[in-house]
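# This is the structure alone, sequence omitted:
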C-alpha cells in the first residue's frame, strides 16, 4: 500500500484504487476523495471498488489531494485512473475470531476486516502449496475491532511475525514499529473507531463470512 501520492501523504483512512466499475445509473454522482464516495445522498450504492492494489501513483490526480476537485464518479473512473477511496467503505467484511472456526470451544469475535490477498510463505517453490494448506495465511486490512475487545490479544503477533515463513512481513507491515500485541493496535474499536489501511496477517481458518 502506498503512503504518498507524489509528495502528498495519503491519510491512513484512504486507499489508492483502480479498475473501478461504477454501478449502472450512478455515474453522475459526485466523486470527492475526502467524502464518502461509495454512497449517494439517499444512502444508495454509488460505485464499487474491484481491488485493493499498489498502483503507480506518479500520475495520480494531485488536484484531488489538494482539495476539492469535484468530478462525477463516472468521469473519475475513466480509463486506468487512480482514485482515492475511504477504507471504511470497502468490502466484503469478514468476521475475525480468536480461534479456528472449526474448534469445539466457543470462540470470541474480535472484529471484522477485509481480506486483501494470500500471504506467501518463505519456502521452496515446490512447497508453497503444501505450506498454504497447512496454514492458509492471508493479509487483511480495514480492521474494525469489536466493542470491548481492544484489550484482547492479537492472536498472530508471535505465531506469524516471529516465524521463519512469515517474518519478512514484519517490516512490510510495520516498518520500524513493534509488532502489535493487542487488537486495539491494529484497528479502531466499535462503530466510532478509525478504520485504516493498516495490513496484518491472519489465519483464514479464523475467519467467517
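Alright, I've got the coordinates. The shown structure was predicted, so the numbers you read here are calculated from the model rather than taken from an experiment.

# According to the record, where do the domains of the chain fall?
1-87, 94-208 (automatic domain parsing).

# so what's the backbone phi/psi at the most centrally placed residue in the chain?
Central residue check for the chain by Cα atoms, centre = their mean: the C-alpha nearest the mean position is that of residue 141, 2.8 Å away. The phi and psi torsions at residue 141 (degrees, to the nearest 10) take the values phi -150, psi -180.

# Tell me the bridge partners for it.
In this structure, residue 141 has the following beta-bridge partners (DSSP bridges): residue 114.

# again, but for the one 4 residues further on
On the basis of DSSP bridges, residue 145 is bridged to residue 111, residue 189.

# isn't it right up against residue 187?
Yes. Under the criterion of Cβ atoms under 8 Å, residue 145 lies in contact with residue 187, with a separation of 4.8 Å. Every C-beta, even on glycine, is put in place using the N, C-alpha and C of the backbone.

# list the residues that contact both of these two?
When contacts are counted by Cβ atoms under 8 Å, 6 or more residues apart in numbering, residue 145 and residue 187 are jointly contacted by 111, 193.

# With mean pLDDT added, can I get the domains of the chain in JSON lines?
Compiled in JSON lines, the domains of the chain are given as follows (pLDDT from 0 to 100):
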{"stretch": "domain 1-87", "mean pLDDT": "60"}
{"stretch": "domain 94-208", "mean pLDDT": "94"}
